[in-house]
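Peer 1: heads up, no residue letters with this:
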Ligand SMILES: Cc1cc2nc3c(=O)[nH]c(=O)nc-3n(C[C@H](O)[C@H](O)[C@H](O)COP(=O)(O)OP(=O)(O)OC[C@H]3O[C@@H](n4cnc5c(N)ncnc54)[C@H](O)[C@@H]3O)c2cc1C
């Protein structure tokens, strides 16, 4: 393979962060950059699903989804293996993600500075970076006349990432807005701006780092090596100066592929995602001694923290209206691939809810009491400052604790939720915003399910109680006449009976 072995910057990997960083660095033609990415480049591939906004759910479980598995050893989810999608390929998890770029409330950015000590990361600082990276595309929203999004152009700049007002609105939207209003969540025309209460359709952000890279493709100073599995970083003293990698294209043809090395004159940048980055550090000698392989010298003693992720509970319903499931029928598919049809838009409806919006006051008092006794430990939050912040937020009437997403399509990955051909579905994703549970274990590549991790999801009773109240709230929404009669909505998974967490003493 013809490439220089010495670059100014070596970036592991070509994921979301890596590609954006490489594109920015490559603007300076006097520096050379090399990306090492374990997966393939799908930009020119015939797999169109990675490129069509309306097919975002079709990417789960595909070749470009590495699929990491949570195998919790304790807590309410410990009898289950939970699937965690994760992108593998140029673009990383943005090959799979839902393209939403939602801004957080001012108070949450400011907490990064005030409580966690990231003093430059205040709400006052963020907008200049948003403007630098994003612009607003005002399409003519078909079918949105009754509920238009009125995003403020002043919040956007001229950066490469388009934030696009959705051009397609499915029939269920009006019924859903009516039901949401009846349960205290009116339509919010500025949703996604930081003021994220009420209900609103997603402003698709089209975060496509492979697109960010597009102007740079072919640039003489940028070398992209895909199917390059990075291994140990090499050090001169305590400075990373190179990376070993395995060229999997060559290994596949049996030619070589073993033991290649690239060197960095300036920096090796490690951004291989939340599960792989710690492991790559450890095999390179940075981490707790117990996690560094025998024979590798420890360069930095960095015990590290456990991993935290926001779990989502999924509820599947049937509807009498057309949903994206009509696209399963090839006749509909052909008829609807127009610029303004369902495929043009990643259609999702968002709500962010503070506790008081969906939880009984006695339950709120109960979880506040539980939080008093929460301690820093390896299946709960391990950072004392984060724990204090999360405890404080349970008393704050405005902090969003739940993200509720309504998606107008079925969900084949939900156990028991297999779609019946010809039927139409919607599903709700109920996402915990500030989980108290925290995973004690690193990703292990040798588990029975491939890459496994223990995130101890639902290990803390506060998380279980908030998510249970979220499911009960969704039931209230679908019981509204607008949904029940207007949209013919009926619960499929979970069905109408009591939830396990209501019958057990969870
Ligand atoms: C289904 C789904 C939906 C999401 N929806 C949204 C959304 O709507 N909005 C939002 O803001 N966020 C969303 N996210 C989250 C967002 O996509 C991620 O936070 C983001 O992509 C992470 O970027 P990253 O660069 O840290 O890692 P990734 O983009 O995951 O990149 C990691 C890369 O490292 C590579 N790699 C790993 N090990 C090696 C190695 N040894 N050598 C070389 N390369 C290696 C992988 O192949 C991968 O390409 C979603 C995520 C998923 C999975």
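Peer 2: Okay, I see it. All figures in this text were calculated on a predicted structure; none of them were measured in a lab.

Peer 1: Residue 268 in helix, strand or coil?
Peer 2: Secondary structure, DSSP: H, G, I helix; E, B strand; the rest coil: residue 268 is strand.

Peer 1: where does it land on pLDDT?
Peer 2: pLDDT, residue 268: 98.

Peer 1: start the count at 265, not 1, going forward
Peer 2: With the count now opening at 265, the last piece we talked about shows up as residue 532.

Peer 1: So for it, what's the nearest residue that isn't a sequence neighbour?
Peer 2: Nearest non-adjacent residue to residue 532, counting by Cβ to Cβ, 6 or more residues apart in numbering: residue 504, 4.0 Å away. The way it works is simple: take the backbone N, C-alpha and C, and place the C-beta from them, glycine included.

Peer 1: That neighbour sits in which helix or strand?
Peer 2: Here residue 504 sits within strand 503-511, counting by DSSP states H and E.

Peer 1: got the residues of the stretch 315-464 of the chain near the ligand?
Peer 2: Where the stretch 315-464 of the chain comes near the ligand, counting by Cβ under 6 Å from any ligand atom, the residues are 349-353, 356-358, 360-365.

Peer 1: Over to the chain?
Peer 2: Contact residues, the chain versus the ligand (Cβ under 6 Å from any ligand atom): 276-282, 300-303, 349-353, 356-358, 360-365, 493-494, 535-537, 540, 544.

Peer 1: So residue 333: helix, strand or coil?
Peer 2: strand.

Peer 1: Tell me the bridge partners for it.
Peer 2: Listed beta-bridge partners, residue 333: residue 347, residue 716 (assigned using DSSP bridges).

Peer 1: so where's the stretch 515-664 of the chain shaky on pLDDT?
Peer 2: Residue ranges of the stretch 515-664 of the chain with pLDDT under 70: 515-522, 569, 594, 596-603.

Peer 1: which residues of it fall in strands?
Peer 2: Assigned by DSSP state E, counting those that start in this stretch, the stretch 515-664 of the chain shows strands spanning 524-534, 550-551, 564-565, 576-583, 613-618, 664-671.

Peer 1: List the pairing partners of the strand holding residue 504 within its sheet, with orientation.
Peer 2: Strand 503-511 sits in its sheet next to strand 492-500 (antiparallel), strand 524-534 (antiparallel), going by DSSP bridges.

Peer 1: Please spell out which residues along it are buried.
Peer 2: Buried positions in strand 503-511, judged by neighbour count with 16 or more other Cβ atoms under 10 Å: 504-511.

Peer 1: For it, which outside residues touch it?
Peer 2: By Cβ atoms under 8 Å, 6 or more residues apart in numbering, the residues outside strand 503-511 that reach it are 265, 274, 276, 300, 489, 491-499, 520-528, 531-532, 534, 548.

Peer 1: of the residues you listed, buried ones?
Peer 2: Here, 16+ other Cβ under 10 Å leaves 274, 276, 300, 489, 491-499, 521, 524, 526-528, 532, 534, 548 buried among the contacts of strand 503-511.

Peer 1: I'd guessed residue 276 sits against residue 528; true?
Peer 2: No. Contact criterion Cβ atoms under 8 Å: residue 276 and residue 528 do not qualify, at 10.3 Å.

Peer 1: Where does the residue nearest the centre of the chain fall, secondary structure wise?
Peer 2: By Cα atoms, centre = their mean, the chain has its centre lying nearest to residue 361, at 6.2 Å. For residue 361, there is no host helix or strand (DSSP H and E).

Peer 1: could you pull out the helices for the stretch 315-464 of the chain?
Peer 2: For the stretch 315-464 of the chain, the helices defined by DSSP state H, counting those that start in this stretch cover 370-378, 390-397, 436-446.

Peer 1: Out of the ones you listed, indicate the one that is most buried.
Peer 2: Mean neighbour count, computed with mean count of other Cβ atoms under 10 Å, is highest for helix 436-446 among the helices of the stretch 315-464 of the chain, reaching a mean of 21.

Peer 1: On the C-terminal side of the lowest-mean-pLDDT helix or strand in the chain, identify the next helix or strand.
Peer 2: Here the helix or strand of the chain ranked lowest by mean pLDDT, DSSP states H and E is helix 473-477, holding a mean of 59. On the C-terminal side of helix 473-477, the closest following helix or strand by DSSP H and E is strand 486-489.

Peer 1: Same list (the helices of the stretch 315-464 of the chain) but as CSV, adding distance to residue 647.
Peer 2: Compiled in CSV, those are given as follows (distance: least, Cβ to Cβ, whole Å):
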stretch, distance to residue 647
helix 370-378, 13
helix 390-397, 22
helix 436-446, 35
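
Peer 1: Quick one: those helices as JSON lines, columns for mean pLDDT too.
Peer 2: Shown next, in JSON lines, are these (pLDDT from 0 to 100):
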{"stretch": "helix 370-378", "mean pLDDT": "92"}
{"stretch": "helix 390-397", "mean pLDDT": "92"}
{"stretch": "helix 436-446", "mean pLDDT": "97"}
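
Peer 1: What does the pLDDT read for residue 454?
Peer 2: Residue 454 carries a pLDDT value of 91.

Peer 1: pretty sure it is touching residue 416, no?
Peer 2: Yes. Assessed by Cβ under 8 Å, residue 454 is found in contact with residue 416 at 6.8 Å.

Peer 1: who's more crowded, the two?
Peer 2: The neighbour count for residue 454 versus residue 416, taken as other Cβ atoms under 10 Å, is higher for residue 454 (17 against 9).

Peer 1: how close does that one sit to residue 630?
Peer 2: For residue 454, the distance to residue 630 equals 34 Å [Cβ to Cβ, to the nearest Å].

Peer 1: Please apply the same query to residue 549.
Peer 2: Counting by Cβ to Cβ, the separation of residue 549 from residue 630 is 46 Å.

Peer 1: what about the two, which has more around it?
Peer 2: residue 549 (20 against 15).

Peer 1: ok, now which ones touch that one?
Peer 2: Residues near residue 549 by Cβ under 8 Å, 6+ apart: 499, 556, 560-564.

Peer 1: what's the answer for residue 696, then?
Peer 2: 574-576, 665-666, 727, 730-731, 734.

Peer 1: want to throw the residues you listed into TSV with neighbour count?
Peer 2: Below are the contacts of residue 696 laid out as TSV (neighbours: other Cβ atoms under 10 Å):
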residue	neighbour count
574	13
575	18
576	16
665	25
666	22
727	24
730	26
731	23
734	25
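
Peer 1: Need the residues you listed in JSON lines (columns: distance to residue 711).
Peer 2: Converted to JSON lines, the contacts of residue 696 look like this (distance: Cβ to Cβ, whole Å):
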{"residue": "574", "distance to residue 711": "22"}
{"residue": "575", "distance to residue 711": "19"}
{"residue": "576", "distance to residue 711": "22"}
{"residue": "665", "distance to residue 711": "32"}
{"residue": "666", "distance to residue 711": "31"}
{"residue": "727", "distance to residue 711": "23"}
{"residue": "730", "distance to residue 711": "29"}
{"residue": "731", "distance to residue 711": "25"}
{"residue": "734", "distance to residue 711": "29"}
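
Peer 1: Right, I'll call it a day here.
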